[in-house]
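# The sequence and its predicted three-dimensional model are supplied below.
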Amino acid sequence: MFNFDDANKKSKEAVDTALKNYSDTTKGFQAIAAEATEYSKKSFQDAVTHFETLAGVKSFEAAFELQTSYVKAYFEGFVSETTKLSEMYADLAKSAYKPHEAPIAAAVVKSAKSAPSATPAAA
């Protein structure tokens with residue numbers, strides 16, 4: 001027999017879990033956006049400072065040396081920031097999936113038990 005109290009309880013739990021999951025996901029995206037914004041501001045300021053310094057250089061060799069060191073530092077910073085953002089995205093994906101692990105595992109076990117075992121057809 002169908003128990004409405006149990007169904008109501010499970011429905012409330014599912015909605016509460018979904019709302020918490022949406023809230024956590026939103027916080028994760030906000031943290032990623034804040035990190036990207038901060039990196040963009042820093043990168044722009046570094047570029048402005050570099051070009052101001054580059055404008056005051058008197059020789060080609062000094063300009064080449066300055067440009068080489070700037071590009072190297074920029075690339076290292078970019079790789080570091082990209083790694084940090086990819087870790088933030090991975091953590092976000094893990095936390096978004098976390099509430100669904102147990103129900104999916106239970107459904108897989110249940111469907112594996114109820115599914116008939118596949119036997120090769122005789123030739």
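Cool, the structure landed.
# secondary structure element for the most centrally placed residue in the chain?
The chain has residue 89 as the residue nearest its centroid, 0.8 Å off, counting by CA atoms, centre = their mean. Residue 89 is part of helix 60-114, with elements assigned from DSSP states H and E.
# now for that helix, which elements pack on it?
Identification of packing neighbours for helix 60-114 by 3 or more CB pairs under 8 Å, 6 or more residues apart in numbering; DSSP states H and E yields helix 4-55. Quick note: C-beta positions are derived from backbone N, CA and C, even for glycine.
# Quick one: low-confidence residue ranges for this structure.
The model of the chain has pLDDT under 70 over residues 1, 115-123.
# hmm, 80 instead?
Across the chain, residues meeting the criterion (pLDDT under 80) sit at 1-3, 7, 99-100, 103, 107, 112, 114-123.
# Does residue 39 touch residue 81 like I think?
Yes. At 4.9 Å, residue 39 counts as touching residue 81 under the criterion of CB atoms under 8 Å.
# Which residue, neighbours along the chain excluded, lies closest to the residue nearest to the centre of the chain?
Closest residue to residue 89 apart from its sequence neighbours, by CB to CB, 6 or more residues apart in numbering: residue 32 at 6.8 Å.
# surely the one you found meets residue 86?
No. With contacts counted by CB under 8 Å, residue 32 stays clear of residue 86, the gap being 10.2 Å.
# Of these two, which one has the most company?
residue 32 (16 against 10; other CB atoms under 10 Å).
# Now do the same contact list for the more buried one.
85, 88, 89, 92 (CB atoms under 8 Å, 6 or more residues apart in numbering).
# With respect to residue 10, which of these is nearest?
Nearest to residue 10 out of those is residue 92 (CB to CB; 26.7 Å).
# Please work out how many residues are found near that closest one.
Residues lying near residue 92 (other CB under 10 Å) number 17.
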